[in-house]
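Participant: I need the structure of the sequence given here:
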Amino acid sequence: MKPTTTRLFQATRALLHENPLGLPPKGLPPRFQRGLPTKRPIRSVKKVIAISSAKGGVGKSTIAANLSLAFARLGLRSGILDTDVFGPSIPTLFNLSGEPELSAQKQLVPLTAYGVQTMSIGYLVPATSAVVWRGPMLLKAVQQLLHEVDWGSKWGGLDVLVLDLPPGTGDTQLSITQQVVLDGAVIATTPHTLAVVDAVKGVDMFGKVGVPLLGLVQNMSVFCCPGCGSETAVFGTGEKVKGICKEHNMEFLADVPLHPNIGEDASKGKPTVVAEPESARAMVFMDIARKIGKKIGLDIKG
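Facilitator: This next block holds a predicted model:
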C-alpha cells in the first residue's frame, strides 16, 4: 500500500506568479491589439465627446442630455447618441418615440427635440422589451449606431456629438474607443465612495485606449433644500473626487447639485437646460459646455 501523500493545490504555480493572468502591465492585452479596427470619424460630425461612468446610477445620462442641450443653446449644431443598448435613456429624457425614417442611403435619420438631434436603440425596440443579445450582436448594433446614422440629413452635419456611454468598462466602451475618433471623454461620478472607486477605473480605461480626458463632473454634490435653500453634502464632501483630478492631472469641471427639479425635469422628458434655462442648475451645465467646447476647439460665442 502506497503511503498517503498530501497533494499540493494545483494553482500554486499561478499563485506564485506576480501576474497570474499574463496581462501586460500597461495597455491592451496583445490579443486585443492584433486586428483592431481602424478608427474613423463619424460622418458629418466635427467633434465627438463621450460621457462615461464606470458606475451606474450616478446621473450620467442626465448630464449627457443637458450638455447636448447646452451646446445647442450656445448656437452649435448638437446631437446625442445613446450607446447603451440594454438600458437606453435618451427617448425618455427627450420625450421621443417612434421608429426613425431611413435616408436615401438607407441610414437612420435622427429624431429631433429642443434643437438637438438624437439617436437611440430605444427608438427601434419597444420600451417594454428587454434586449437579450450576446456579445457579437451587441457589438454589431453599436457599430451600426456609430456609422449608420445620417447626422447630415437635416442641418448639413453636427458641430458636436455627445455619446452617452453605458456604465462600466466593457465590450461597448472598448468597441467605441476602437472604432471612433474621440475628441475626449468626460467622467461623471458622485461623491459616494463606491462611485469614486469606479470613477478611477473609468479614468484608467480611457488612459489605456488613448482617449484624452476632458475632466470630471461631480453629480449630486450637495442637496439643495427647495424650501429653505440650505445645502447638505448627502454623499460626502467630494474631497476624494477633487483628489482624483489632482492625481491624474485632470480638470474638475463642476459640481452639479442634488436638486429635485433636475430629476423631475428629466422624468418629464424636458431636461433642466430647457425646462429652467435661467436657473442656477442650468447655468452649471452651460458652464461645463463652455469649458469642454474650449478644450476641443468648438467655436462658441457667448
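Participant: drop to CA atoms for contacts and neighbour counts, all remaining ones
Facilitator: OK.
Participant: ok, and for the top strand by length along the chain, which residues are buried?
Facilitator: Using DSSP state E to define each element, the chain has its longest strand at strand 213-224. For strand 213-224, the neighbour count (16 or more other CA atoms under 10 Å) marks 213-224 as buried.
Participant: could you point out which element follows that strand?
Facilitator: Next in sequence after strand 213-224, counting helices and strands by DSSP states H and E, comes strand 231-232.
Participant: Show me what the longest strand of the chain pairs with in its sheet, parallel or antiparallel.
Facilitator: Strand 213-224 sits in its sheet next to strand 184-189 (parallel), strand 231-232 (antiparallel), strand 252-258 (parallel), going by DSSP bridges.
Participant: Need the ones you listed in JSON lines (columns: mean pLDDT, mean neighbour count and distance to residue 272).
Facilitator: Below are the strands paired with strand 213-224 laid out as JSON lines (pLDDT from 0 to 100; neighbours: other CA atoms under 10 Å; distance: least, CA to CA, whole Å):
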{"stretch": "strand 184-189", "mean pLDDT": "96", "mean neighbour count": "25", "distance to residue 272": "17"}
{"stretch": "strand 231-232", "mean pLDDT": "74", "mean neighbour count": "15", "distance to residue 272": "19"}
{"stretch": "strand 252-258", "mean pLDDT": "92", "mean neighbour count": "21", "distance to residue 272": "12"}
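Participant: To residue 162, which of the ones you listed lies closest?
Facilitator: strand 184-189 (9.6 Å; CA to CA).
Participant: just for this structure, where's the confidence low?
Facilitator: For the chain, the stretches with pLDDT under 70 are 1-37, 128, 234-238, 302.
Participant: That one: strands as residue ranges?
Facilitator: Under DSSP E, the chain gives strands at 45-52, 78-82, 111-113, 116-120, 158-164, 184-189, 213-224, 231-232, 252-258.
Participant: so can I have CSV of those showing distance to residue 300?
Facilitator: CSV is the format used below for the strands of the chain (distance: least, CA to CA, whole Å):
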stretch, distance to residue 300
strand 45-52, 13
strand 78-82, 12
strand 111-113, 21
strand 116-120, 16
strand 158-164, 10
strand 184-189, 17
strand 213-224, 17
strand 231-232, 32
strand 252-258, 17
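Participant: Minimum distance to residue 198: which of these has it?
Facilitator: strand 184-189 (8.5 Å).
Participant: which residues make contact with the closest one from outside it?
Facilitator: 48-53, 55, 58-60, 63, 195-196, 199, 202-203, 206, 211-219, 296 (CA atoms under 8 Å, 6 or more residues apart in numbering).
Participant: related to what we said a few turns ago, figure out which of the strands of the chain is closest to residue 69.
Facilitator: That would be strand 116-120 among the strands of the chain, by CA to CA, at 6.5 Å.
Participant: Quick one: list the elements packing against the closest one.
Facilitator: Other helices and strands packing on strand 116-120, by 3 or more CA pairs under 8 Å, 6 or more residues apart in numbering; DSSP states H and E, are helix 60-73, strand 78-82, helix 90-93, strand 111-113.
Participant: at 7 Å instead, please
Facilitator: helix 60-73, strand 78-82, strand 111-113 (3 or more CA pairs under 7 Å, 6 or more residues apart in numbering; DSSP states H and E).
Participant: My guess is residue 101 contacts residue 109. True?
Facilitator: Yes: with contact defined as CA atoms under 7 Å, residue 101 reaches residue 109; the gap is 5.4 Å.
Participant: Neighbour count for the two, which is higher?
Facilitator: Neighbours were counted for residue 101 and for residue 109 using other CA atoms under 10 Å; residue 109 has more, 22 against 12.
Participant: Now do that one against residue 54, distance only.
Facilitator: 30 Å (CA to CA, to the nearest Å).
Participant: Also residue 63?
Facilitator: From residue 63 to residue 54 the distance is 15 Å (CA to CA).
Participant: returning to that earlier point: could I get the strands paired with strand 213-224 in CSV, plus columns for distance to residue 124?
Facilitator: As requested, those are exported to CSV (distance: least, CA to CA, whole Å):
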stretch, distance to residue 124
strand 184-189, 27
strand 231-232, 41
strand 252-258, 32
